[in-house]
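J.: pasting a predicted model and its sequence here:
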Amino acid sequence: MTGHQPTRPWATIAAATALNLPLGTLYAFSVFLKPLEPLIGATRAELSLVFGLATIGFTVGMNLAPALFRLGAAPLLVLACAATSTAGIALSAFAGSIVELAIGYGVLFGLGGGVAYILVQQAVNLVVRSHRGLVNGYVIALYPAGAMVAAPVFGWCNEAYGVRTTLAGLALLLALTGGGTAWLFRYSGVILSSPALARPEAAPIGRRQVFWQLWCIFFLAAAAGLMVLSQAAGMVQAYGGSLTLALFGTTYITGCIACARVGGGWLADRFAIPRVMAAAHGFALLGSLTLTLWPGPLVAMFTLAMVGIGYGIVSGCTAAAVAFYWSSTAYGKMASRLYIAWCVAAISLPVIAGWLYDLSGGYRMAVLLAAGGNLIGALVALALPRPAAPRPA
C-alpha cells in the first residue's frame, strides 16, 4: 500500500489478534499426544512427525502468501485461510489413522495458518510507523498466547469428552473467528497489493549475508523451542511430573514464550539486535544445562520455560529485524523466506527428540542437542552487523 494510510489501523491489529490466537493452537499439539497414541495406534515419533508436517504446510503457506496478495482482497484471503484450516481440523477430529491426521492437521491446518500468518504481518507492517519491533513482537506472540489459553481447555475437554470432541470444537472456533476477522479487515481498509509491493527490492551489498546469519540464528533457537512447544506435556511427565503439572507446565511455558516474543520485539527497539539474540541463546543454553545436571519435574518445567523464553526472544527479535533490515513493502516476502528456518527446525530436533524418547524413554540427549545448538546460535549472533534503524516503505 502506497500513498494510502488505512483510516482504521486499530482494526488491522484487532484482525491480526482474532485470526492468530485460534491458529496458535498449533503450538498446543503436545496436549493431544497421549490421547491420540492409543486412539489411532500411533507412536510418539509418528505424532512428532505430524507436527513436523504441520510446520511444512505452514511454511509452504507463508511462502505462497506474497503471491496471493495480488489475487484477492484481504477479507477474501482470510476466508480462504479459515476454510482451509477448519477443514483440516474437522478431518483430524474424525481421523482413524496417522495418515488422515497428517493430511488434516499436518497439511490443511498448517497451510491455512501459514498464509494467514504472513497476511496479517504484511498488513500490520503497512500500517505501523513507530515501535515496529514491539508491534511485530506482539503479532507473533499471539500464536503461543493462543496455545497458552488452549492447553488447559484442551486438556480438560480431552478428559471430559474425548479428543475428537476437542478437535471438533476447535474447527467450529476457527470457522467463527475466520468470519469475524474477514469483517475486521474489510472495515480496516488495508490494501495488501500495490505497484510498490509488486516490484522486487534489490538486495543491498551484504544483505544476503545478513539474511543467512538471521536464518541460522532463528533456526537454532527454533529447533530447541519447538521441541519444547511440541512435546512440553510429555517432557514434564518424562521427568516425573503428574498430568496436572504437565498441563500447567504447558500453559506456563507457552505463556512465557508469548511474553518473550513481545519482549524480543521491544528489546530490538532499544538495544543492538546481535546482543539481544546472543543473550537469548545464552539464557536457553543455561536452562538446558541446568536440567541436565539437576533433572526433576519442577526443574523441568522451569528450565524448559527458559529454553522457550530464549526461542521467544529470538523469534520476536527476528520479526523486528526484518523491519529493520528491509523495507515495509518487502516485509511479507522476506519474512516468509526467513521463516523457512522455522520449518526446518520443526522437522529436525522435535522429530529427533520423539525418536530418542521411543528408544530411551527420556529426553536427556535431546536436551543436550538443544544446548549445543544454542551455543552455536549465540556465536553466530555476535557476528551479526547492527542495523541503523527501521526502514520505511
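T.: In hand now; what should we look at?
J.: under the pLDDT cut-off, which ranges of the stretch 151-300 of the chain? List them.
T.: The model of the stretch 151-300 of the chain has pLDDT under 70 over residues 193-206.
J.: one more time with 50
T.: 195-200, 202-203, 205 (pLDDT under 50).
J.: please enumerate the helices of it.
T.: Listed in chain order, the helices of the stretch 151-300 of the chain (DSSP state H, counting those that start in this stretch) span 163-188, 195-198, 207-238, 243-270, 273-293, 297-325.
J.: next, format those as a markdown table and append mean neighbour count and distance to Ile103.
T.: For glycine as for every other residue, the C-beta is placed from the backbone atoms N, C-alpha and C. Compiled in a markdown table, these are given as follows (neighbours: other CB atoms under 10 Å; distance: least, CB to CB, whole Å):
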| stretch | mean neighbour count | distance to Ile103 |
| --- | --- | --- |
| helix 163-188 | 20 | 14 |
| helix 195-198 | 14 | 33 |
| helix 207-238 | 24 | 19 |
| helix 243-270 | 23 | 25 |
| helix 273-293 | 22 | 33 |
| helix 297-325 | 26 | 28 |
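J.: Glu46: which of those helices is closest?
T.: helix 207-238 (13.0 Å; CB to CB).
J.: now that closest one against helix 273-293, angle please.
T.: If you take axes from the mean of the first three to the mean of the last three CA atoms, to 10 degrees, helix 207-238 sits at 20 degrees to helix 273-293.
J.: do you know how far Leu71 is from Ala83?
T.: As judged by CB to CB, to the nearest Å, Leu71 and Ala83 stand 15 Å apart.
J.: what about the two, which has more around it?
T.: Neighbours per residue (other CB atoms under 10 Å) separate Leu71 from Ala83, with Ala83 holding more: 15 against 11.
J.: do you know how far that one is from Glu37?
T.: In terms of CB to CB, Ala83 sits 30 Å off from Glu37.
J.: what angle separates the helix or strand hosting Ala45 from helix 207-238?
T.: In the assignment (DSSP states H and E), Ala45 maps to helix 44-68. For helix 44-68 against helix 207-238, the angle by the same axes, to 10 degrees is 150 degrees.
J.: centre of the chain to helix 44-68, how far?
T.: 11 Å (CA atoms, centre = their mean, to the nearest Å).
J.: what angle sits between the helix or strand following that helix and helix 44-68?
T.: Under the assignment DSSP H and E, the closest C-terminal helix or strand after helix 44-68 is helix 74-93. Counting by the same axes, to 10 degrees, helix 74-93 points 160 degrees away from the direction of helix 44-68.
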